[in-house]
Structures are given as structure tokens and as C-alpha cells.
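> Need a 3D model of the following:
(chains A and B)
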Amino acid sequence: MKLEKKLGAATRDAYGKALAELGKTHPNIVVLDGDLAKSTKTDNFRKVFPERFFNVGIAEANMVGIASGLATCGKIPFISSFACFMMCKGYDQLRMSVAFPELNVKVVASHGGISVGEDGASQQSIEDIALATSLPHFTVIVPADEVSTYVLVKKLVDHKGPVFMRTGRPKTPIIYKEGTDFQIGKGVVLRRGEDLALFAIGHLVFEALVAAEELAEKGVQASVIDLHTVKPIDRELIVQQAKATGAVVTCEEHQIYGGLGSIVSEVLAQGAPVPMELIAIRDTYAESGTPEELMDRYGLTALHIVKACERILKRKKK
Amino acid sequence: MLTEAGSGHPGGSLSATDILIALYFKILRHDPKNPKWPDRDRVVLSKGHGAPALYAALAHAGYFPISQLTTLRKLDSPLQGHPDMRRLPGLEASTGSLGQGLSIGIGMALAGRLDGKDYHTYVILSDGETNEGQTWEAASFAGHHKLDHLIAIMDYNKFQLDDAVKSIIDMEPVVDKWRAFGWHVFEIDGHDMELIITTLERAKGIQGKPIMIVAHTIKGKGVSFMENNNHYHGVAPTKEEAERALKELEGKG
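Numbers count the residues shown, from 1 in each chain, chains lettered A, B, ... in the order given. Modelled structure (predicted):
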């Protein structure tokens, strides 16, 4: 079946939609935003439930602390800002006031990765996954499209404990059919092949699918797996796919250190060491440009994934 | 407790002791046998290094056996070096990274307001920790939202780890600052028990504003060789020092 590129909503829009719906069924949800509600899309919730929404101002540390106090009283706080500000400015508060006491705070941060585009490096979050996964007790989720974001946001509410979810700024190709179900902690095999396995998150899942299709035309069959839950990672699926294919490429819109590639490497080093390639940002900050230009310049498109696959097939044969 | 542990912060524990006694034995609406009672008043010790004084108050109030106090800082003890709310009943927050408690207290007070509950949230801050910017983010928020039922108490003992507060970053004029952020401010002697109690009672009646009680205290209060001697910020007394200190505190010195 030929892959069709059909743009859906941005994952941040899917968050806003799901959150506003959750507000109806869950009176305990309180939403806090660091003055970016129109961008993070918590504005959708504010419009329906203004009494349970607080713009805390440009004060991320205080926002995290307030969420902590709310959670001790049985509220389910959802807090949002841009991923870079949330994780970098709120890190100590997330550590001491949320992760350490294991409080039920849902951190959903938008503008993940460099596909933020023209605003440039200060607004592009490339370290958030490393920071979030480093916090004990935190679950970390990076959904790939509108459909999976919507479902996973709805699942957050019944998931006990702190969660970090990254959403993105641009409209994103639709990968899943409406009504698809997702489980936190369980990867999704989108395509099966025997030559190599592509593990991807976020915007790179679609790129991995495109790459797999191009590879298929050259006679190479690649598995494509959406590892939307980065922590706890689906170890079983990773090991199983690595053993079945003998070569692994990870794909993420994140700094190469501490992201998906690092985590999959840790799993495979113990479970099934196979040749690996990492598609990620190579220890640098990006710049202003269109999302498409930046994804190309920093090596995050299907073309780059295909090249990595070709490299790894040579290593695999040796 | 600290001598048994071999480490800890005696100075800042003793300066906050009278405030904690007033809270746990005269002011709080609480039930030590039901520490999760939804309508209870909350206490957040933002200056987490004052934990020994809080633990002593909790034990004497009946949250856990007094005999457990000597396990402070030992492996497997619920009495961690700094408060860990998961391990000890009666602890409302995990603190120890300074500057975070006021925000947590705001969250508790806000939850109370949203639920139409009338409990009070008390946050004990140190003077030095108000160096932290988060304190002022929190102060702005509470002032803007006219968050009553939130009562902060600053244990103003005039010292922080390295030296006197005023020699590092002088936080004066403290009263004016909190007032400017929209808080109702009291200024009291933090060792005058009757005054502490009457001020807390008055504070509970104030509506439409968060409350700050600036309590002037003495670091190491009650132990002659520790009073205003910053050596005892983070050093536990020796066995002999502890015996002398306890005699003085028991009025036999």
C-alpha cells in the first residue's frame, strides 16, 4: 500500500482538544500555563473551564510548585509551556516537588524539537527528553500524530504518577486511523520487515515510514516501530525486533545524547547487541528557517534515514 | 537527635521551634491519627533543613512514636535528613531544595479555594531562602490572586550558611517587600509564645490577602553556646555539647 501524506492537526492541537473534553468528565483537572496558552493550546480548556485554568505568568518554577501542591490535594494538574522552558526552567521543581514525592502532575509541553522553525534555537527544545527521562518516577511520551496524541492524552488522566509529554508546533502527517487504541508503554509496529528495524518517535515516525517505503523499492524490507512511550520503554519489543532483523536505526528530533537513541542503545547493549545508527541532532543547536529546511539541514528527513539504513546494512553484512 | 545522627542543622531547627510548637499544639486543625483528613490544615516546611524541629513536633503531637526520633538520618528511617513526605505521616511536602515551599503551599490553598474548603495552609520559610527567585514568583501569584487561607511565616534568624543574611544579600526592607507584593504583613518576636499564638489567630481571620508573619528569631535559640553562633548552622553538637544543650533547654542549665 502506497503511503499517503495527509496533513493532520499539530499534536499540540490534539492535546488542546482532548484536554477540553477531559475537563467535562474530570472535575479534578486543573490547568496551569506559563503565559503560552494560545500556543500550547490549553486555551481550549480555558474557554470551557475558566475557573479551573490559571495563567501563572512567565514563571515556570512557581507553576510546577503550584501543581505539586494541587496534586497533594487530589487535583490532577496539567501544566504547559514550551518544552525548553518547562524542562530547563522548571527542572529542579519537577525534581523536588513532583518526581521525588511521586505526585500526579501531567506536564504537557509544546514546541518540541527544531520543527518549531523560524523562532530559532532559543525556542527549539532539543534536550527535553533527556531531562524528563532522567527524573525517577516520570513516564515520558512523545506522540507522532494527531490521532495518537488525542488518545494518549486521554489515557494520562487514569495513569497515576508524573508524566512528561512532548507535543509539536507544525501540522503533522496523519499516521493512524481514527479510533486506533494505544497503551502507555507499548510500542506500535507500523510495518514489518526482516532486514532492519527503524525505531522512531514524534515527527520522525512519518519520516521513518517514508524511508521504509523507499527502501522497499530497493528491495530492503524495514520494520517501523513507533515508540511513543520513551519511558518506560518497550524493552521486549525492541529486543524482539533487533533479534529478528539484526540491525537497528533510531530516529528522533532531539539531541543525540540522552534521547531515544541512548535509551534503545542501553536496552540493546544488554538484550541484543546489533549494529545501530542514530538519527538525531548531532550535539549542536539549530537556527531559524522553515521546519522543512531545518529538518533537512540537521539530518532528520527520510533521505537521511535511508542513508543511515544503507550504512547499517553494510555493517550488518561484515 | 542530631548528636545521635552525627549531622544536621541545629541552629535553624531551634529558631523555628517555638513557631512549630504554636502551630502543632495551639493552632492547627489536625488529627494525628488521620493524617490524610481532607479538611486538615497543612504545614509546609519550606526550609527543609529545619526537619528535626518538625519531626519533634510531629512525634509529640502523636503522628509517630517519640522513640523514633533517634533514628533521624539513619538508613531505612522515615526521618530523612530533609523531609520526604512519602516516608513519614504528617509531612505535607518533600522539601530541601530551598525556595520551593511557598509555591507548593499556594497549590494547597488554591485547591482549598476551588473546593470551597476552609482549611489553612502554613508555609515556614527561612530568611536566606528568600534569595531564591521562585519565592517572588510565588509572592506575586498569591498577591495577585488575593489568596487568603495562606499564611507564610518567615523564620528571620538573620543567618544563612555562609554568614549573616545582611552581609550576603540583605533582604531588607523585608516587611515593605511583602506588603508591596500584596500581602498582609505582621512583624513579631518569634520566641514570644503568646504573641505567636495571638498573631496566628488574627492571621486566620484575615480575608482577601495572603499573610506573611515576619518572625524575628535567634538562630540556635535556647542553647547559650549556639545562639547566634553560625558554626551550628550545619554541624551537630558533640555528646557533651548535647548534654549541656538539653539541660539548658529543660531549664536546668
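
> Poorly predicted segments of the chain, please.
Going with chain A. Counting by pLDDT under 70, chain A contains low-confidence residues at A:1.

> oops, chain B please
Segments of chain B classed as low confidence (criterion: pLDDT under 70) are B:252-253.

> hey, where'd the helices end up in it?
Defined through DSSP state H, the helices belonging to chain B, from first to last, are B:2-5, B:10-22, B:51-61, B:101-114, B:133-144, B:165-169, B:174-180, B:193-204, B:239-249.

> What parts of chain A come near chain B?
Taking Cβ under 8 Å from any Cβ of the partner chain as the measure of proximity, chain A contacts chain B at A:30, A:51-52, A:54, A:56-57, A:59, A:61-62, A:64-75, A:77, A:92-93, A:95-97, A:100-102. (Glycine included, C-beta is placed from N, CA and C.)

> Give me the buried subset of these.
A:30, A:52, A:54, A:56, A:59, A:61-62, A:64-73, A:75, A:77, A:93, A:95-97, A:100-102 (16 or more other Cβ atoms under 10 Å in any protein chain shown).

> CSV please, covering the helices of chain B and showing mean neighbour count and distance to B:Leu72.
What follows is the helices of chain B, written out as CSV (neighbours: other Cβ atoms under 10 Å in any protein chain shown; distance: least, Cβ to Cβ, whole Å):
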stretch, mean neighbour count, distance to B:Leu72
helix B:2-5, 18, 5
helix B:10-22, 26, 11
helix B:51-61, 23, 6
helix B:101-114, 28, 20
helix B:133-144, 22, 27
helix B:165-169, 14, 26
helix B:174-180, 16, 31
helix B:193-204, 17, 25
helix B:239-249, 15, 13
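
> got those as a markdown table, with distance to A:Ser81 columns?
A markdown table is the format used below for the helices of chain B (distance: least, Cβ to Cβ, whole Å):
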| stretch | distance to A:Ser81 |
| --- | --- |
| helix B:2-5 | 40 |
| helix B:10-22 | 33 |
| helix B:51-61 | 32 |
| helix B:101-114 | 15 |
| helix B:133-144 | 13 |
| helix B:165-169 | 28 |
| helix B:174-180 | 27 |
| helix B:193-204 | 33 |
| helix B:239-249 | 48 |
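
> who wins for proximity to chain A among the ones you listed?
Put simply, out of these the one that sits nearest chain A is helix B:101-114, at 2.1 Å, with distance taken as Cβ to the nearest Cβ.

> how about the closest one, does it get close to chain A?
Yes. Helix B:101-114 comes into contact with chain A when judged by Cβ under 8 Å from any Cβ, the residues involved being B:101-112, B:114.

> Pull out the CA atoms of that helix and give them to me as CSV.
Provided in CSV are the C-alpha atoms of helix B:101-114 (Å, rounded to 0.1, in the frame of the first residue of the first chain):
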residue,chain,number,x,y,z
GLY,B,101,7.7,25.5,49.6
LEU,B,102,5.7,28.7,49.1
SER,B,103,4.6,27.6,45.6
ILE,B,104,3.6,24.2,47.0
GLY,B,105,1.6,26.0,49.7
ILE,B,106,-0.1,28.1,47.1
GLY,B,107,-1.2,24.9,45.3
MET,B,108,-2.7,23.6,48.5
ALA,B,109,-4.5,26.9,49.3
LEU,B,110,-5.8,27.1,45.7
ALA,B,111,-7.1,23.6,45.9
GLY,B,112,-8.9,24.6,49.1
ARG,B,113,-10.4,27.6,47.4
LEU,B,114,-11.5,25.6,44.3
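
> any idea how far the spatially most central residue of chain B lies from B:Gly182?
If you average the C-alpha coordinates of chain B and look for the closest C-alpha using Cα atoms, centre = their mean, you land on B:Ile124, 3.5 Å from that point. Computed with Cβ to Cβ, to the nearest Å, the distance linking B:Ile124 and B:Gly182 is 20 Å.
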